[in-house]
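**Q** Turn this into a model:
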Amino acid sequence: MPLRLVIIGGGPGGNTAATVAATLGAEVVLVESDLLGGAAHLRDCIPSKAMIATGVALEELERARAMGFAAEGKLDLTALRERVSSIEERLHSSVHDLLTSQGVRIVHGVGRLKGPHEVVVETPAGLEEIDADFIVLATGSRPRIPDFVTPDGERVLTTRQAYPPPDVPEHLVVIGSGVTGVEFTHMFGALGSRVTLIVSRQQVLPLKDPEVAAVLEEEFLRRGVRLLKGARASAVERDGDVVRVRCDDGRVAEGSHAVLAVGSVPNSEGLGLADAGVEVDERGYVPINRHGQSNVPHIYVAGDLAGKLPLSSVASMQGRKIAEHVMGLHTREHRHLDYDKAASAIFTDPEIADVGLAEAEAFSLGRKIRVTKVPFSSNAKALIDGDPRGFVKILSDPATGVVLGGSIVGRNAAELISVLAVAVTCRLTVVDIVDSLLVHPSLAESLTEAAS
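**A** All right, here's what the predicted structure looks like:
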């Protein structure tokens, strides 16, 4: 009799665990209350990136004008909304088709743990109880809403309410200068909004390399973004068509709309975790070991609920590793997921991407590193494309030459970082990169130069 795996949540972690386990011979049931593909993924990540792509296209038209074309562009919000919906539907359908092709049974409803080996699902037809040998929880997260504000879905918005917008905000106040905040700042600025960004510390992207943040801040200022540094939002008030964001230092940012970009919280309530003996930390996340197991060994957790890195790529890899562990593949050669080697990207303009050890982290640890940096202003392809902004930075071990990490700021950084991600994961050296015969002219040549 095949092993029975029940998964609650059909986002990147859940659907990957389902397809991999089914391929390996498990009988898989996937419970999803909303969208296959994940609400956080399809209603946060994908719409924002689609809108950013639209903004980049508008800016490309401006760049084309500088390159000799009489290009003009006008934003069609109806077409944008239809495009975003179309992308969401295609991705949802592709996940559904993949799951069904692997024999995964999909149950639409709200699932929770009834006990250590039982899941109960509230479906439109009534309650369904499902026995399981193993269970995966992959219920994701939702935008965090601070106590000082009540979103109204019209002018005071969470990130999930902000796209596609019925109209482009005249003046948007973005609360939060982390990854989501800077992406929203760029996105709506490119679409024509005036933007004020509330920066609680002394730089945007406070957890990133200061040199990286400096490039983005310079670009924001060039675009007319107002930066309120060292300001922490403490109240949000709406007065008709005006929204006022009051900060704890007395400053006030006034706009037509405000959007909250202050992180997320896990969807752990109502899961019946206590009924199954699953431990939860003070923030609502379920701690896991390197196999993705909770304190109850046959109950695994993937994605945002695990409280590791809130990245779709990480959730998918967690799902894959969990499926392999459930099916016993860890008894063979098995590479554990190393969160310190996960690549990430921020889809501003210019793009930002990094992987592995950060320079500031290395210095704080007292670790000796070799840092090399090459600007794109010396790259032929960047000059041809008319966009020489940014740089490549590579961190390596001075004794062995092993690549420890890197940052890229510039066009296509999210794609270029893949080279450094492979190098970090496989412990390649800077010589390995230098000896690679890359295309000329290409932006990737700057990787070779930085490795030299």
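**Q** what sits against the nearest residue to residue 346 once chain neighbours are set aside?
**A** Among residues not flanking residue 346 along the chain, residue 352 sits closest, at 4.2 Å (C-beta to C-beta, 6 or more residues apart in numbering). (C-beta placed from N, C-alpha, C; glycine too.) Contact analysis of residue 352 by C-beta atoms under 8 Å, 6 or more residues apart in numbering lists 205, 208, 212, 216, 345-346, 407-409, 413.
**Q** Name the member of those with the most neighbours.
**A** Neighbour counts for the contacts of residue 352 (other C-beta atoms under 10 Å) peak at residue 408, which has 32 neighbours.
**Q** Assess the claim that that one and residue 419 are in contact.
**A** No - using C-beta atoms under 8 Å, residue 408 is not in contact with residue 419; the gap is 9.4 Å.
**Q** can you give me phi and psi for the residue nearest to residue 312 when sequence neighbours are not counted?
**A** Leaving aside its chain neighbours, residue 312 sits nearest to residue 12 (4.5 Å; criterion: C-beta to C-beta, 6+ apart). Residue 12 adopts backbone torsions of phi -60, psi -40, taken as degrees, to the nearest 10.
**Q** ok, residue 12 to residue 340 distance?
**A** Using C-beta to C-beta, to the nearest Å, one gets 20 Å for the distance from residue 12 to residue 340.
**Q** Those two: which is more packed in?
**A** Neighbour totals were compared for residue 12 and residue 340, and residue 12 leads with 29 against 12 (other C-beta under 10 Å).
**Q** Could you double-check that the more buried one sits in contact with residue 38?
**A** Yes - at 5.7 Å, residue 12 and residue 38 qualify as touching, with contact defined as C-beta under 8 Å.
**Q** Output the below-cut-off pLDDT ranges for the stretch 201-350 of the chain.
**A** By pLDDT under 70, the low-scoring segments of the stretch 201-350 of the chain are 331-334.
**Q** where exactly do the strands run in it?
**A** Counting by DSSP state E, counting those that start in this stretch, one finds strands in the stretch 201-350 of the chain at the ranges 226-229, 233-239, 242-247, 252-255, 257-260, 264-266, 299-301, 344-346.
**Q** Contact partners for residue 180?
**A** By C-beta under 8 Å, 6+ apart, the neighbours of residue 180 are 48, 159, 261, 263.
**Q** Then residue 295?
**A** Residue 295 neighbours (C-beta under 8 Å, 6+ apart): 277-279, 287.
**Q** max-length helix in this structure?
**A** Scanning the chain for the helix with the most residues, using DSSP state H, yields helix 77-101.
**Q** rewinding a little: which of the contacts of residue 352 fall within helices?
**A** Those of these lying in helices (DSSP H): 212, 216, 413.
**Q** What's the per-residue pLDDT of the last one here?
**A** Here the pLDDT value assigned to residue 413 is 97.
**Q** For it, give its distance to residue 91.
**A** Applying C-beta to C-beta to residue 413 and residue 91 gives a distance of 23 Å.
**Q** Kindly report the same for the first one.
**A** Residue 212 is 30 Å from residue 91, where distance means C-beta to C-beta.
**Q** How about the second one?
**A** In this view, residue 216 and residue 91 are 28 Å apart by C-beta to C-beta.
**Q** Counting neighbours, which bits of stretch 346-360 end up buried?
**A** By neighbour count on 16 or more other C-beta atoms under 10 Å, the buried set for stretch 346-360 is 346-359.
**Q** and what of stretch 181-193?
**A** Neighbour count says stretch 181-193 has 181-191, 193 buried, by 16+ other C-beta under 10 Å.
**Q** quick one, strands of the stretch 351-452 of the chain?
**A** For the stretch 351-452 of the chain, applying DSSP E, counting those that start in this stretch gives strands covering 351-356, 370-375, 391-396, 403-410.
**Q** strand partners of the second one, parallel vs antiparallel please.
**A** Pointing back at strand 370-375 there. strand 391-396 (antiparallel) (DSSP bridges).
**Q** now what about the partner strand, what contacts it?
**A** Contacts for strand 391-396 (C-beta under 8 Å, 6+ apart): 209, 211, 215, 356-359, 362, 369-376, 402-410, 416, 420, 429-430, 433, 446-447, 449-451.
**Q** Who are the contact partners of the residue nearest to residue 11 when sequence neighbours are not counted?
**A** Spatial nearest neighbour of residue 11, chain neighbours left out: residue 38 (2.5 Å); criterion: C-beta to C-beta, 6+ apart. Going by C-beta under 8 Å, 6+ apart, residue 38 touches 9-12, 14-15, 140, 303, 312, 315.
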